[in-house]
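predicted coordinates and the sequence they were generated for:
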Amino acid sequence: MPHEVHAVVAAKKGAPVGPQMILVPDPGPGEVLVDVLACGVCHTDLHYREGAINDEFPFLLGHEAAGIVEAVGDGVTDLAPGDYVVLAWRAPCGQCRSCRRGRPWYCFDSRNATQPMTLLDGTPLSPALGIGAFAEKTLVAAGQAIKVDPSARPEAAGLIGCGVMAGYGAAVHTGAVGSGDTVAVIGCGGVGNAAIAGASIAGARRVIAVDIDERKLDGATRFGATHTVNSRRTDPVEAVRELTGGHGADVVIDAVGRPETYRQGFSMRDLAGTLVQVGVPDPDMKIELPLIDLFSRGGALKSSWYGDCLPSRDFPVLIDHYLSGRLDLGGFVTETIALDDVEAAFDKMRDGQVLRSVVVL
């Protein structure tokens, strides 16, 4: 019997969003029905609303969520009603060529629920990143629901489902930051601050936050930045070099995703240093670099997709860091809002007023 619930739907490109009623089916084989407790407002949701991901409207927005399992479908053995979960948009299939090679964090056939959620007239909805959690209930594949310690507040816990995991993993997994490393992070929004936190937890001796907004730089110190650079006032490449003995950083993380920040990151690396891009660029952006510099500087240029994470492994670890006080997830929550406030939250996000607005249901 389908469940009639309130949810935030993007009906057409660029149109303001707001709550309306949708239908969520009972779980089928391999699926779970989740009562959503909280869901962060992420830039990716805005990209969906603006048609920058694809044109498969209408979209059911929201994907950075925590909740309680209400029901499980046939064949689901590792989840039960009442389990407290964080939702992941990667659920490794275990069968693709990447999974078979022991690299499930690159899974090429990630699982989603098979049944569609729909408008009341039966129109299928496209759930954002296969989740769709700006809703009182959502339907996901069982592998997308990761059990975590129920002591974690849902408005904080849900954030590891996307932005925090992406930034943390860019430092810890993709960048392989180690004890004693120097790290520069360009862009101090939610993802950038998560990268700063990850680098600090991994043992970096110097974590340099780079941004054009002094307010964001002040906030970055809360997550572990040891030094800050305002790139509106000074050359960030020279500043990072000066802070690293003239050498450059061992690992640079571009959490902005623009050609100019990528070039800065490329140049502020030490010889054989690593540049990690985790900021999402617009599809029409291009980068040009001198080939001789690519050859002579060595090192690695990497992109980080979801922080190269394995949710079943990494989500519980991040929750443990949060509960022990090592990871300030609560610091990412600027405000809590209702479903009716998502459109206003998009405006605040564009203006840089928030790290995260979090919908609480």
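It's in.

now stretch 23-31: average pLDDT?
With pLDDT averaged residue by residue, stretch 23-31 scores 98.

got the end-to-end distance for that stretch?
This stretch, stretch 23-31, spans 16 Å end to end (C-alpha to C-alpha, to the nearest Å).

then stretch 228-240?
Taking C-alpha to C-alpha, the span from the opening residue of stretch 228-240 to its closing residue is 9 Å.

kindly report the same for stretch 285-302.
Between the opening and closing residues of stretch 285-302 lies a distance of 17 Å (C-alpha to C-alpha).

what mean pLDDT does it have?
Averaged across stretch 285-302, pLDDT comes to 94.

for stretch 216-226, same thing?
97.

okay, and the beta partners of the closest residue in space to residue 127 that isn't next to it in sequence?
On the basis of C-beta to C-beta, 6 or more residues apart in numbering, the spatially nearest residue to residue 127 that is not a chain neighbour turns out to be residue 60, at 4.6 Å. Quick note: C-beta positions are derived from backbone N, CA and C, even for glycine. Counting by DSSP bridges, residue 60 is bridged to residue 9, residue 127.

which ones are touching residue 60?
By C-beta atoms under 8 Å, 6 or more residues apart in numbering, the contact set of residue 60 is 7-9, 22, 117, 125-128, 132, 134-135, 138.

wait, a strand at residue 216?
No. The assignment for residue 216 is helix, going by DSSP: H, G, I helix; E, B strand; the rest coil, so no strand is present there.

show me the contact partners of the helix or strand hosting residue 6.
Residue 6 belongs to strand 3-10 when assigned by DSSP states H and E. Contacts made with strand 3-10 from outside it, assessed by C-beta under 8 Å, 6+ apart, are listed as 17-26, 33, 48-49, 57-62, 117, 119-120, 125, 132, 134-137, 339, 342, 359.

re the thing from before, only whichever of the contacts of residue 60 are buried, select them in ChimeraX.
To isolate the buried members of the contacts of residue 60 in ChimeraX, using 16 or more other C-beta atoms under 10 Å:
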select :7,8,9,22,117,125,126,127,128,132,134,135,138
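
please identify which of the contacts of residue 60 is nearest to residue 226.
For residue 226, the nearest member of the contacts of residue 60 is residue 128. The distance, counting by C-beta to C-beta, is 35.5 Å.

and that closest one, how far from residue 296?
42 Å (C-beta to C-beta, to the nearest Å).

look up phi and psi at the closest residue to residue 240 other than its chain neighbours.
Distance criterion C-beta to C-beta, 6+ apart; nearest residue to residue 240, sequence neighbours excluded, is residue 268 at 4.2 Å. Backbone torsions of residue 268, given as degrees, to the nearest 10, read phi -90, psi 10.

so residue 268 makes contact with residue 236?
Yes. Residue 268 is within contact range of residue 236, at 6.7 Å (criterion: C-beta atoms under 8 Å).

the more surrounded of these two?
Neighbours were counted for residue 268 and for residue 236 using other C-beta atoms under 10 Å; residue 268 has more, 27 against 23.

okay, now residue 259: neighbour count?
Burial measure for residue 259: 14 neighbouring residues, criterion other C-beta under 10 Å.

surely it and residue 286 touch.
Yes. Using C-beta under 8 Å, residue 259 is in contact with residue 286, at 6.8 Å.

can you list the strands that the helix or strand residue 86 falls within pairs with?
Taking DSSP H and E as the definition, one finds residue 86 inside strand 84-87. Sheet pairing here is set by DSSP bridges, and for strand 84-87 it gives strand 64-72 (antiparallel), strand 145-147 (antiparallel).

CA atoms only: put it into PDB for me.
Only the C-alpha atoms of strand 84-87 are listed here, as PDB (Å, rounded to 0.1, in the frame of the first residue of the first chain):
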ATOM      1  CA  TYR A  84      19.100   4.100  12.600                       C
ATOM      2  CA  VAL A  85      20.700   4.800   9.300                       C
ATOM      3  CA  VAL A  86      22.500   7.400   7.200                       C
ATOM      4  CA  LEU A  87      21.700   7.200   3.500                       C
END
